[in-house]
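Visitor: Pasted the sequence and its predicted model underneath.
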Amino acid sequence: MMDEPTLEEWMDRHHVEVVRTHATGLDGHAVGKYLRRSKFLKSLPKGHAIADMSLAGDYTGQPHLTIWHEMRSGQFGDILLKPDIDTIISDGTDGDLGHVICEFTSVDGDPLSLCPRTLLRRVTNEIGELGYDVKASFELEFFVYRDSFENARRKGYKNLTPLTASRGSNIYLLRNAHNVKPFMDEVLKRLSWQKFEWESWSDEGGVSQVEINFSPTDPVRASDLIVRARQIIYEVAVDLEMSVCFMPQMKAGFGSGLHIHHSLVEKDGTPAFFADGGRSALMNDWIAGIVTTMAGSVSLLCPTINSYRRMQEFRAPPVTATWGEENKSAGLRIISRAANLARIEHRLPGGDANPYLVLATILAGGLAGHRHQLPLRPELKTVGWGLPDDVPKLPRTLLSAADALAEDNHLVDILGQDFVEYWIDSRKFEWLTYHSECGDTENKGTTDWELQRYFELM
């Protein structure tokens with residue numbers, strides 16, 4: 001992060017001659033340009049132009065010609081990528097390259113409601129106005145293979161060679177971690193060069209699956225870390241002639257999630273989720289709001305066709321709108337045994353989730369619970385799978401999740417009507433594309449269509 005007196009002096013000291021801008025679209029894709037130093041400096045403070053299609057296309061870049069938003073001109077036009085100069089860093093591996101995180105704005109510099117980072121910043125600021133800061137962290141899961149992306153493509157992304165030793169569903173297996181360590185050493189070296197705060201990594205439950213745990217920080221920075229980490233992991237795989245996959249369910253067995261932990265603290269740092277030896281009233285309100293809005297939130301936490309392959313009974317992800325103390329099978333796992341540990345873990349988001357939108361949605365649910373004093377449902381004290389029909393279930397398809405979001409007035413109110421309407425239309429577009437190209441299938445296994453569409457873009 002830049003802490004020198006002037007930007008040009010910082011660029012001189014770090015020998016930065018090229019700046020890569022980096023913004024995150026609705027589907028979580030990293031988009032941007034490589035700018036010559038003089039061009040980058042000349043573009044400030046507004047930023048540089050980029051086609052509005054970067055916010056108005058489907059997963060493969062096909063334009064949403066039947067979906068409109070006020071940011072769009074009457075024809076195809078431009079919007080801007082506005083740099084957040086506080087996020088500028090040097091690359092570490094490329095001597096003259098710098099990186100900076102950007103937000104989408106109109107050509108006049110006005111914020112755009114469709115910009116995921118802008119949306120998260122707005123929701124976080126609303127919580128700040130109540131006197132609280134948010135601390136958030138992510139658990140990032142992915143698969144890594146010995147096959148290069150080119151070879152994986154030739155194989156149709158099937159029968160790839162694992163990097164790990166075991167072919168079973170082991171977890172935390174040190175023999176697996178040993179085989180992955182050279183790859184992870186390079187990933188973590190690049191993360192450290194860019195001053196990313198990570199805490200641990202381990203072998204995960206899937207064959208050749210890895211999890212990285214990041215340190216708590218503010219929501220926007222936490223999300224910045226994830227989008228940058230995904231890019232680094234991809235680049236390391238390319239450089240080492242390997243491949244990685246963030247799909248929620250690329251094959252049978254365990255899938256990849258993006259678990260999120262968050263807590264609220266008062267401005268003096270006092271934990272706000274803890275009181276009198278357990279959950280505070282604020283934490284109960286927060287849980288109530290997130291659980292109440294959980295069905296509506298699924299669309300944003302599980303944004304693709306492939307997301308719902310992962311949502312299976314007894315396969316680790318939650319399938320009910322529930323909460324429980326130290327219960328990893330519930331929708332929310334609550335930790336309240338000590339003030340410094342008090343937090344909420346949301347275990348539903350998949351590896352395809354956009355971190356900015358996921359956190360904005362979860363925080364919006366908590367905010368709604370606090371504002372409206374929503375009732376807290378009874379705690380789930382059993383395993384959260386195979387439950388009777390009276391336990392509220394989560395949507396299990398992309399279309400039903402979009403419908404649930406449309407009916408959630410709390411989320412619509414906080415996230416914004418225009419954003420929610422566009423998001424819902426974009427999910428219906430994805431659903432229609434799948435069924436138009438694959439037929440009216442109820443196939444519960446991952447299809448070739450999904451592998452071709454998602455493997456290299458997530």
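Guide: Perfect, thanks for sending it.

Visitor: contacts and neighbour counts: CA atoms only from here.
Guide: Noted.

Visitor: Longest strand in the protein, please.
Guide: Longest among the strand segments of the chain by residue count, using DSSP state E, is strand 132-145.

Visitor: Would you mind listing the buried residues in the following helix or strand past that strand?
Guide: Sequence-wise, the next helix or strand downstream of strand 132-145 (DSSP states H and E) is helix 149-154. Residues of helix 149-154 classed as buried by neighbour count (16 or more other C-alpha atoms under 10 Å): 149, 152.

Visitor: Other residues contacting helix 149-154?
Guide: Residues outside helix 149-154 that contact it (C-alpha atoms under 8 Å, 6 or more residues apart in numbering) are 158, 160, 238, 241, 242, 243, 456.

Visitor: Could you identify the most distant pair in these?
Guide: The distance between the two most remote of those (C-alpha to C-alpha) is 18.2 Å, for 158 and 238.

Visitor: Surely residue 339 is in contact with residue 271?
Guide: Yes. Using C-alpha atoms under 8 Å, residue 339 is in contact with residue 271, at 6.1 Å.

Visitor: How many residues are close by the nearest residue to residue 132 once chain neighbours are set aside?
Guide: Counting by C-alpha to C-alpha, 6 or more residues apart in numbering, residue 266 is the residue found nearest to residue 132 once chain neighbours are left out, at 4.7 Å. Counted with other C-alpha atoms under 10 Å, residues neighbouring residue 266 total 15.

Visitor: List the buried residues for the strand or helix carrying residue 11?
Guide: Using DSSP H and E, residue 11 falls within helix 7-13. For helix 7-13, a neighbour-count test (16+ other C-alpha under 10 Å) marks 10, 11 as buried.

Visitor: how far is that helix from where the chain is centred?
Guide: Centroid separation for helix 7-13 versus its chain: 32 Å, with C-alpha atoms, centre = their mean, to the nearest Å.

Visitor: Ok, stretch 285-294 next?
Guide: With C-alpha atoms, centre = their mean, you get 20 Å for stretch 285-294.

Visitor: Ok, stretch 325-333 next?
Guide: Put simply, stretch 325-333 sits 20 Å off its chain's centre (C-alpha atoms, centre = their mean).

Visitor: Would you mind measuring the gap between the ends of that stretch?
Guide: Counting by C-alpha to C-alpha, to the nearest Å, you get 6 Å between the two ends of stretch 325-333.

Visitor: got it, and stretch 44-56?
Guide: Here the two ends of stretch 44-56 are set 25 Å apart, with distance taken as C-alpha to C-alpha.

Visitor: Quick check on residue 200: phi, psi?
Guide: phi -160, psi 160 (degrees, to the nearest 10).

Visitor: I should have written residue 50 there, sorry.
Guide: Per-residue torsions, residue 50: phi -150, psi 150 (degrees, to the nearest 10).

Visitor: Could you double-check that it sits in contact with residue 78?
Guide: Yes. The pair residue 50 / residue 78 is scored as a contact, 5.5 Å apart, by C-alpha under 8 Å.

Visitor: before we move on, what SS does residue 107 have?
Guide: Of the three states, residue 107 takes coil according to DSSP: H, G, I helix; E, B strand; the rest coil.
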